[in-house]
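>>> Compute the structure for the input listed below.
(one chain, ligands or ions: 1)
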Amino acid sequence: MEQKKEILKDKKIIIIGGSAGIGLATAKAVAAKGAIVIIVSSNQQRISNALQSLPKNAKGIVINASDERQIKNLFEQVGSFDHLVYTAGENLRLNNIADTEIASAQQFFNVRYWGAFTAVKYVAPHISKSGSIVLTGGIAGARPNKGWSVAASIASAMEGFTRAMAMELAPVRVNVVSPGIVRTDLWSSMPETDRENLRERYFFTSIVSVSVY
Ligand SMILES: NC(=O)c1ccc[n+]([C@@H]2O[C@H](COP(=O)([O-])OP(=O)(O)OC[C@H]3O[C@@H](n4cnc5c(N)ncnc54)[C@H](OP(=O)(O)O)[C@@H]3O)[C@@H](O)[C@H]2O)c1
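Have a look, this model is predicted:
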């Protein structure tokens, strides 16, 4: 039991998307267990605000997760570390497929899917063999609602990618967490009444976690 308590002590953890929401909550939780946290996002002000709520040894780095070169530089800059968490994502725009512009649907994959894919590519030389990678999917993959075509596609693609990477990168563990409806800025573009309806509807399925290998 004592050993379990210490499992994250002094481990270096990079959280891409760590300036807000689920990523920041993760940063606080692992920092409370003694981990050394590096939060990464695209906005310096949000990082500075987030660092106020983390221990003094936490660091922040600004990158745009849709830029391959910036992701590569990030891992070169940090050097060796233990765990990667990827929660970066933009505000949701839900639309029925008939009203969905293909270019904007494609663009939505950039941070959420291709950013994670790129991070996994460049993390391999730097991550500890006993470490782990945790990616983010979403309940939309398994339990979609009307208007969720893009979110459902990304969530399902992320699960497939995670399984493939768990095979390829072992002994590094690769998992995907699929959140239900979590109160964060992600939903800020949706009217409050719609948000409440959604939360009520998905209340009982609010946490789905897919653990692979
Ligand atoms: N909340 C939910 O109900 C829910 C449900 C299912 C799935 N998810 C997924 O879970 C993940 C986290 O969601 P959340 O609710 O925590 O969202 P959030 O509160 O909006 O946080 C998103 C994080 O991503 C960062 N980010 C956005 N664009 C970025 C970019 N180009 N480069 C680097 N960082 C970027 C943001 O920081 P900056 O703005 O500082 O860049 C922020 O730290 C997302 O992939 C989301 O789609 C969430």
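>>> What ranges does this structure have for its helices?
For the chain, applying DSSP state H gives helices covering 2-5, 21-32, 44-51, 68-78, 102-109, 115-123, 149-169, 192-201.
>>> Most tightly packed of these?
Mean neighbour count (mean count of other CB atoms under 10 Å) peaks for helix 115-123 among those, with a mean of 21. Heads up, the C-betas are built off the backbone N, CA and C, glycines and all.
>>> Would you mind listing where the chain has pLDDT under the threshold?
1-5, 201-213 (pLDDT under 70).
>>> ok, now with 50
204, 206-213 (pLDDT under 50).
>>> The ligand contacts on that one?
17, 19-23, 41-43, 46, 64-66, 87-90, 111-112, 136, 138, 179, 181-182, 184-186 (CB under 6 Å from any ligand atom).
>>> out of those, which are buried?
17, 19-23, 41-42, 46, 65-66, 87-89, 111-112, 136, 138, 179, 181-182, 184, 186 (16 or more other CB atoms under 10 Å).
>>> Which residue does the chain have closest to the ligand?
residue 21 (2.2 Å; CB to the nearest ligand atom).
>>> My guess is that residue contacts residue 187. True?
No. Judged on CB atoms under 8 Å, residue 21 makes no contact with residue 187 at a distance of 9.8 Å.
>>> for the residue of the chain closest to the ligand, what are its contacts?
Contact partners of residue 21, counting by CB atoms under 8 Å, 6 or more residues apart in numbering, are 87, 182, 184-186.
>>> Please apply the same query to residue 168.
Counting by CB under 8 Å, 6+ apart, residue 168 has no contacts.
>>> Can you give me the distance of it to residue 200?
40 Å (CB to CB, to the nearest Å).
>>> Likewise for residue 82?
In terms of CB to CB, residue 82 sits 39 Å off from residue 200.
>>> Tell me what angle the longest strand seen in the chain forms with helix 149-169.
Ranked by residue count and defined by DSSP state E, the top strand of the chain is strand 127-136. For strand 127-136 against helix 149-169, the angle by axes from the mean of the first three to the mean of the last three CA atoms, to 10 degrees is 160 degrees.
>>> quick one: contacts of strand 127-136?
Strand 127-136 is contacted from outside by 17, 22, 80-87, 89, 112, 116, 120, 123, 158, 161-162, 165, 169, 171-179, using CB under 8 Å, 6+ apart.
>>> same check, this time on stretch 55-72
Taking CB under 8 Å, 6+ apart as the rule, stretch 55-72 contacts 16-19, 27, 31, 36-44, 47-48, 50-51, 73-74, 77-78, 88, 110-111, 114-115, 118-119, 122.
>>> Could you report the distance from the residue positioned nearest the centre of the chain to residue 9?
Geometric centre of the chain, nearest residue: residue 87, 1.4 Å, by CA atoms, centre = their mean. Counting by CB to CB, the gap from residue 87 to residue 9 is 22 Å.
>>> Check residue 133 too.
Where residue 9 is concerned, residue 133 sits at a distance of 20 Å (CB to CB).
>>> Tell me which of those two has more neighbours.
residue 133 (24 against 10; other CB atoms under 10 Å).
>>> who's that one bridged to?
Bridge pairing for residue 133 (DSSP bridges) gives the partners residue 84, residue 174.
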